[in-house]
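*Asks:* Structure, please.
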Amino acid sequence: MMGNDSLGSVAKSLDSLLKKFMDSSSVVGLFVLLSDLLPFMMSLMIEPTTDSLKVEEKIFKIENFLN
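*Replies:* Numbering: from 1, shown residues only. Predicted coordinates:
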């Protein structure tokens with residue numbers, strides 16, 4: 001995404017997670033997730049070397065919880 005692999009990876013994971021929220025009709029935790037992720041994604045656009053591993057792990061845990 002825009003030449004930033006970390007941002008693209010986080011965006012892809014977030015897209016997958018948002019689709020699961022839509023499919024399950026559950027929005028529990030969605031606001032908290034977006035509140036955490038949007039500032040992080042903005043920082044990734046400014047500083048591409050920001051470590052995205054913690055955010056991707058958080059997305060993965062929530063996605064597994066929804067399964």
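
*Asks:* measure residue 59 to residue 40 for me?
*Replies:* Distance, residue 59 to residue 40, using C-beta to C-beta, to the nearest Å: 11 Å. Backbone N, C-alpha and C define where each C-beta goes, glycine included.

*Asks:* More neighbours: which of these two?
*Replies:* residue 59 (23 against 15; other C-beta atoms under 10 Å).

*Asks:* And the more buried one, which helix or strand is it part of?
*Replies:* Assigned by DSSP states H and E, residue 59 belongs to helix 53-66.

*Asks:* how far does that helix sit from the chain's center?
*Replies:* 8 Å (C-alpha atoms, centre = their mean, to the nearest Å).

*Asks:* Report the set of residues contacting both of residue 59 and residue 40.
*Replies:* Shared contacts of residue 59 and residue 40, defined by C-beta atoms under 8 Å, 6 or more residues apart in numbering, are found at residue 10.

*Asks:* so who does the residue nearest to the spatial centre of the chain touch?
*Replies:* Centrality entry for the chain: nearest residue to the mean C-alpha point is residue 14, 3.6 Å, by C-alpha atoms, centre = their mean. By C-beta under 8 Å, 6+ apart, the residues touching residue 14 are 37, 41, 59.

*Asks:* for these, which one is nearest residue 53?
*Replies:* Comparing the contacts of residue 14 against residue 53 with C-beta to C-beta picks out residue 59 as the nearest, at 10.8 Å.

*Asks:* Was I right to think the closest one contacts residue 9?
*Replies:* No: checked against C-beta atoms under 8 Å, the pair residue 59 and residue 9 is beyond contact range at 9.8 Å.

*Asks:* Neighbours of residue 44, how many?
*Replies:* By other C-beta under 10 Å, the burial measure for residue 44, its neighbour count, is 23.

*Asks:* counting contacts, what elements does the strand or helix carrying residue 34 pack onto?
*Replies:* Using DSSP H and E, residue 34 maps to helix 30-46. With contacts taken as 3 or more C-beta pairs under 8 Å, 6 or more residues apart in numbering; DSSP states H and E, helix 30-46 sits against helix 5-24, helix 53-66.

*Asks:* any idea of the mean pLDDT in the shortest one?
*Replies:* Just to be clear, that refers to helix 53-66. In this model, helix 53-66 carries a mean pLDDT of 77.
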